[in-house]
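[1] Quick one, what's the 3D model for this:
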Amino acid sequence: MAQRLLTYEAVAGENSEPAESAAFRVCVKLRRPLTTLAGVAGFRSLLSRALTLARAEVPSLGAVQVAADGSLKGLDELEPQIGKEQARDGGAILIVQLIGLLLTFIGEGITLRLVQDVWPEAAFNGYVSEKERKA
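    Numbers count the residues shown, from 1 in each chain. A predicted model of the protein is given here:
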């Protein structure tokens, strides 16, 4: 699911704000519904935890911070420092961790509904759940 969101935003970004990474746009778009669901502090905690988990895999994310309002600071400044591919991979890992936390805390059904509300034109009908993969 995370990869589909990143791919969708990468394509959408080619037509709008190419200076912002796909991962940054995914975080921005998820911020509103998750803030409604969990409050600013809840969203900030969730994103901070996802960032901490992502830093274990990509130490260069150490320069990225979650602001008091839940916005990300420094993600888009990574590319000149570490290279386009590594910055993209770091952002992808952050989104994977964020989606993983959502699946853990609010469940697959609510996560999928939330994502479909934010990206109604994106196709998630073929999303294969963890249960389906194990079957």
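[2] Please count neighbours and contacts with C-alpha atoms only from this point.
    Noted.
[3] ok, residue 75 to residue 34 distance?
    20 Å (C-alpha to C-alpha, to the nearest Å).
[4] Pick out whichever of those two has more residues nearby.
    residue 75 (21 against 18; other C-alpha atoms under 10 Å).
[5] Looks to me like the more buried one is in a strand.
    No: the assignment for residue 75 by DSSP: H, G, I helix; E, B strand; the rest coil gives coil, which leaves it out of any strand.
[6] just for the protein, where's the confidence low?
    13-19, 123-135 (pLDDT under 70).
[7] one more time with 80
    By pLDDT under 80, the low-scoring segments of the chain are 12-20, 75-84, 87, 122-135.
[8] Strands along that one, start to end?
    Counting by DSSP state E, the chain has strands at residues 65-66, 72-73.
[9] Which strands or helices does the last one pack on?
    For strand 72-73, the helices and strands in contact under the criterion 3 or more C-alpha pairs under 8 Å, 6 or more residues apart in numbering; DSSP states H and E are strand 65-66.
[10] Adjacent strands (with direction) for the strand it packs on?
    strand 72-73 (antiparallel) (DSSP bridges).
[11] Give me the contacts around the strand it pairs with.
    Applying C-alpha atoms under 8 Å, 6 or more residues apart in numbering, the contact partners of strand 72-73 are 24, 27, 64, 65, 66, 67.
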